[in-house]
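Chemist: next one to model:
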Amino acid sequence: MSGAEPAVEPARLRVGCPVWAHAAWKGGFFTAGARRQEFLPQYASVFGAAEANPTFYGLPSRETVARWSVEAPPDFRFCFKFPRTITHDRQLRDAGRETDEFLERLAPLGARLGSFFLQLHSSFGAARLDMLGGYLRKLPATFSYAVEVRAPEFFDAGPAERALDALLAEAGVDRVNFDTRGLFASLADDEFTRDAKRKKPRVPLRTTVTARRPFVRFVGDPEIPRNAPLLDAWADVIAGWLRRGLQPYFFTHHPDDTLAPALARDFQGRVQARYPAAGNPPAWPAEIEAGRAMRQLELL
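Modeler: Predicted coordinates for the structure are as follows:
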C-alpha cells in the first residue's frame with residue numbers, strides 16, 4: 001500500500017475515551033434507551049476521537065467497518081491499535097502480510113482514520129530500533145501513526161531515548177505519552193483499580209512531540225477531583241501545542257471506564273479556559289434528552 005502523505009490539518013484538540021460503546025454509560029452519558037447501534041453516533045456527537053483497542057485482539061469484519069463509516073461523522077477520528085500478532089507475538093518481524101491486512105481492512109474509513117497506534121512490548125528495547133525504523137519506513141504514508149514504548153531504557157533521557165525520539169521524528173511518527181500517575185497515586189482499593197494497577201505500566205512522564213499529532217493516554221484516579229492538578233498541567237501543555245498549530249489527541253482512561261467521559265469533559269473545560277478556540281464541551285446525549293423531557297413537562 002502506498003499514497004500521498006496526509007494533509008496538514010489546522011490546530012485542533014481531539015479528546016476521547018478508550019471505547020465508544022459502554023453499556024454502563026446508558027442514562028448518564030448515552031440516552032436511557034440507547035441501542036448499541038446508537039452508541040457510536042451519540043459518542044461522536046460529544047467527542048472527536050476514540051481509541052480503538054479491540055483491533056489489538058482481532059480485526060473487525062468488513063461489514064462492521066462499513067457500518068462505522070456510516071455511524072461516525074466525517075470529522076470523527078478512530079485511533080486503531082495494531083494487532084498483538086504484529087506488535088507482541090512477532091514483535092514487528094516478518095509481519096508484512098498481517099500489517100497489510102490490518103490497514104486494508106480499515107482503509108474504507110478514509111478520513112475518519114486518526115493515528116494508528118503501535119504499542120510495543122516492554123521487551124522491545126534499543127537493540128531493536130533498527131527493526132522499528134525499517135518497519136515504520138514500509139508503512140504507507142497515506143496514514144498517520146503513533147508509537148508507544150514501554151522498555152525502561154526509553155525513559156532514561158539517555159542515548160536510547162534520544163535515538164528513539166530522533167527515529168520517530170525522522171519518520172514523522174508521534175510518540176505516545178502515557179501518564180499513569182493518577183492511577184498509581186489513587187487510594188481506591190476496588191477490584192477495577194487494583195486490576196488496572198497490575199496491568200498498566202508505571203513509566204516516567206513524558207510530554208514528547210516528534211510529529212504533528214501528539215498522542216496522550218491519561219489513566220486517572222477513579223476519584224475525578226483528585227486528578228485536578230495533573231489535568232491542569234496537561235491543559236497547559238495541550239494549550240501550548242495548539243498554539244504551535246499541532247493536532248493533539250488526549251484519551252482519558254478510568255479503571256473500568258465508567259467515568260471516562262466525565263474525566264474527558266473535565267479536561268475539555270480546563271483546556272477551553274486556557275485556549276478558548278478549543279470550544280466548550282458539548283452537552284451529553286443524556287443531558288439533551290433530560291432537557292427535552294423537562295421542557296415537555298413545562299408545557300403540560
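Chemist: which parts of stretch 244-262 are buried?
Modeler: Residues 246-257, 259-262 are the ones in stretch 244-262 that count as buried (16 or more other C-beta atoms under 10 Å). Heads up, the C-betas are built off the backbone N, CA and C, glycines and all.
Chemist: please apply the same query to stretch 18-25.
Modeler: For stretch 18-25, burial by neighbour count (16+ other C-beta under 10 Å) applies to 18-22, 25.
Chemist: which one of those sits closest to Gly172?
Modeler: Gly172 lies nearest to Pro18 out of the buried residues of stretch 18-25, by C-beta to C-beta, at 25.1 Å.
Chemist: you'd agree the closest one is up against Tyr249?
Modeler: No. Using C-beta atoms under 8 Å, Pro18 makes no contact with Tyr249, being 11.9 Å away.
Chemist: show me where the stretch 51-200 of the chain has its strands.
Modeler: Using DSSP state E, counting those that start in this stretch, the strands assigned to the stretch 51-200 of the chain run over residues 77-80, 115-119, 144-148, 174-179.
Chemist: any chance you could list what contacts the last one?
Modeler: Same thing as strand 174-179. With contacts defined as C-beta atoms under 8 Å, 6 or more residues apart in numbering, strand 174-179 is touched by 115, 117, 119, 144-149, 164-165, 168, 201, 203, 205-219, 230, 234.
Chemist: quick one: residues contacting Ala111.
Modeler: For Ala111, the contact set (C-beta under 8 Å, 6+ apart) comprises Pro74.
Chemist: what ranges does the stretch 101-250 of the chain have for its helices?
Modeler: 129-138, 159-171, 181-185, 191-199, 228-243 (DSSP state H, counting those that start in this stretch).
Chemist: what comes up buried for the third one?
Modeler: By 16+ other C-beta under 10 Å, the buried positions in helix 181-185 come out as 181-183.
Chemist: now, among those residues, which is nearest to Ala283?
Modeler: Gly182 (25.7 Å).
Chemist: would you agree that closest one is in contact with Arg217?
Modeler: No. Using C-beta under 8 Å, Gly182 is not in contact with Arg217, being 11.6 Å away.
Chemist: return the helix or strand in this structure with minimum mean pLDDT.
Modeler: Lowest by mean pLDDT, DSSP states H and E among the helices and strands of the chain is helix 285-299, with a mean of 77.
Chemist: ok now stretch 278-287, how far from the chain's centre?
Modeler: Centroid separation for stretch 278-287 versus its chain: 19 Å, with C-alpha atoms, centre = their mean, to the nearest Å.
Chemist: mind listing residues that contact it?
Modeler: 13, 27-32, 34, 42, 45-46, 239, 242, 261, 265, 268-269, 271-272, 291.
Chemist: nearest to Ala107, of the buried residues of helix 181-185?
Modeler: Leu183 (34.3 Å).
Chemist: quick one: contacts for the closest residue to that closest one other than its chain neighbours?
Modeler: Spatially, and ignoring its direct neighbours in sequence, Leu183 is nearest to Val219 (4.4 Å; C-beta to C-beta, 6 or more residues apart in numbering). Contacts for Val219 (C-beta under 8 Å, 6+ apart) come out as 178-180, 182-183, 196, 200, 253-254.
Chemist: no further queries at this time; thank you.
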